[in-house]
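Student: turn this into a model:
(2 chains)
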Protein chains: 2
Amino acid sequence: MKKHIPEKTVARLLLYYRYLYFLLQQGTKNISSKSLADMVEIKDSQVRKDLSYFGKLGGQGAGYDVLALRDMIAKVLDIGQITNVCIIGMGGLGSALASYKGFEALGFKVAAVFDNAANKVGHRLRGHTCLDSKELSKVVAEKDLKVAILTVPGEAAQKTSIALEQARVKAILNFTPVKLSLSKNIKIRNIDLAMELKTLSFFVK
Amino acid sequence: MKKHIPEKTVARLLLYYRYLYFLLQQGTKNISSKSLADMVEIKDSQVRKDLSYFGKLGGQGAGYDVLALRDMIAKVLDIGQITNVCIIGMGGLGSALASYKGFEALGFKVAAVFDNAANKVGHRLRGHTCLDSKELSKVVAEKDLKVAILTVPGEAAQKTSIALEQARVKAILNFTPVKLSLSKNIKIRNIDLAMELKTLSFFVK
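Tutor: Numbering: from 1, shown residues only, chains lettered A, B, ... in the order given. As a prediction, the model looks like this:
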């Protein structure tokens, strides 16, 4: 089933998961699609459509059981499984992500960090020994790393992403502002922090 | 005009801007809506619709003038104007963002950084003297800061966001996993790095 869930739906399911988690902590046992929709700021028809992936979980007007729904989403999205990831580019952002607590909460473990600068390779950085980018293929194979976080400078982004694909990484979270040109076999998600800030600030001038 | 452009359109215009910028560097002078759509990975009908905000810029089949289009978008989105922002929470991520080069490229300047920890307040961190979060209202008013980047721990997020609203900040880029409850007067954009990674990795299991 899971491969057929669209990416945007997965993103919304994760949002629901997060809010259901908070609701449980607060002791809330039941929630309507309308309340869930309000929390996530989308239409309740969308919530009902998304949750229809799980079959009959709540009746018309009866609301959803928070615990059951959370566990169902966790199961479908493999939350609880540990996923090893690597970080390429140990500048400021890469270093911050190497010790970012938020990743643990969703089951991610930074299993390797890479750079190509002589003053970083072989040194301890945020709890990791920085590896040489030249060793990418070897380490990715050894540790079966499928997901990479790309935080190199823009100029090095395309070249590094090709090395990642050659190393058989399956997915890249791309923090560089560069549009990566790779084959369709590798999944890319772009986060451009400056553009996020710009989109936000546009409305407050 | 600008206030009527929807947020998602602004986000796409920024993407176009970024790719037009690259195209110019490569010496490309003309681009079709189809090529631009392929770069941004959306439908070309959407590109044409978005660019219709600017009136007649390209004819059917004639393509768009890259330079004219880039300048037009820059003007509409106020790219080139400097916007001062502040960062609240000088942990790993906040510190990385305080010296993040990518912000400069889109006209952002980190004008103040805050924390409430005694071992940070008053110290130089990434080129900034860390200020006490208690001084938020005073500094925001003095420096006319309208945009804040929130990188405090999740437990402190809601409380700190209320302080930001009271300090009359107009927009928050929220990196915490907490859904902030504030008035409609303050604009919020959420970036949840762990959820981005999860959305990506879901497809590669």
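Student: assign A:S95 to helix, strand or coil.
Tutor: helix (DSSP: H, G, I helix; E, B strand; the rest coil).
Student: just the pLDDT for it.
Tutor: A:S95 carries a pLDDT value of 95.
Student: leaving out chain neighbours, which residue sits closest to it?
Tutor: What sits nearest to A:S95 in space, not counting adjacent residues and going by Cβ to Cβ, 6 or more residues apart in numbering or on different chains, is A:R126, at 5.4 Å. From N, CA and C alone the C-beta is placed, and that goes for glycine too.
Student: burial of that neighbour, as a residue count?
Tutor: 17 (other Cβ atoms under 10 Å in any protein chain shown).
Student: cool, the one 10 residues further on as well?
Tutor: By other Cβ under 10 Å, the residues close to A:L136 number 23.
Student: likewise A:A62?
Tutor: Counted with other Cβ under 10 Å, A:A62 comes out at 10.
Student: what's downstream of the helix or strand encompassing A:V47, the next helix or strand?
Tutor: Per DSSP states H and E: A:V47 is located in helix A:44-51. Downstream of helix A:44-51, the next assigned helix or strand under DSSP H and E is strand A:64-65.
Student: adjacent strands (with direction) for that following strand?
Tutor: strand A:30-31 (antiparallel) (DSSP bridges).
Student: ok, then the element right after the strand it pairs with?
Tutor: Next in line after strand A:30-31, if elements are assigned by DSSP H and E, sits helix A:33-40.
Student: that next one vs helix A:44-51, what angle?
Tutor: 100 degrees (axes from the mean of the first three to the mean of the last three Cα atoms, to 10 degrees).
Student: helices and strands around the lengthiest helix in chain A, which ones?
Tutor: Taking DSSP state H as the assignment, the helix of chain A that covers the most residues is helix A:7-25. Applying 3 or more Cβ pairs under 8 Å, 6 or more residues apart in numbering or on different chains; DSSP states H and E, one finds that helix A:7-25 contacts helix A:33-40, helix A:44-51, helix A:66-76, helix B:193-201.
Student: so which of those helices gets nearest B:E7?
Tutor: Counting by Cβ to Cβ, B:E7 lies closest to helix A:33-40 out of these; the figure is 15.8 Å.
Student: C-alpha coordinates for that closest one, PDB please?
Tutor: In PDB, the C-alpha atoms belonging to helix A:33-40 read as follows (Å, rounded to 0.1, in the frame of the first residue of the first chain):
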ATOM      1  CA  SER A  33     -11.800  15.700  11.400                       C
ATOM      2  CA  LYS A  34     -12.800  19.400  11.700                       C
ATOM      3  CA  SER A  35     -10.600  19.900  14.800                       C
ATOM      4  CA  LEU A  36      -7.700  18.000  13.200                       C
ATOM      5  CA  ALA A  37      -8.100  20.100  10.000                       C
ATOM      6  CA  ASP A  38      -8.100  23.300  12.100                       C
ATOM      7  CA  MET A  39      -4.800  22.300  13.800                       C
ATOM      8  CA  VAL A  40      -3.200  21.500  10.500                       C
END
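Student: quick one on the thing from earlier: buried residues in the longest helix of chain A?
Tutor: For helix A:7-25, a neighbour-count test (16 or more other Cβ atoms under 10 Å in any protein chain shown) marks A:10-21, A:23 as buried.
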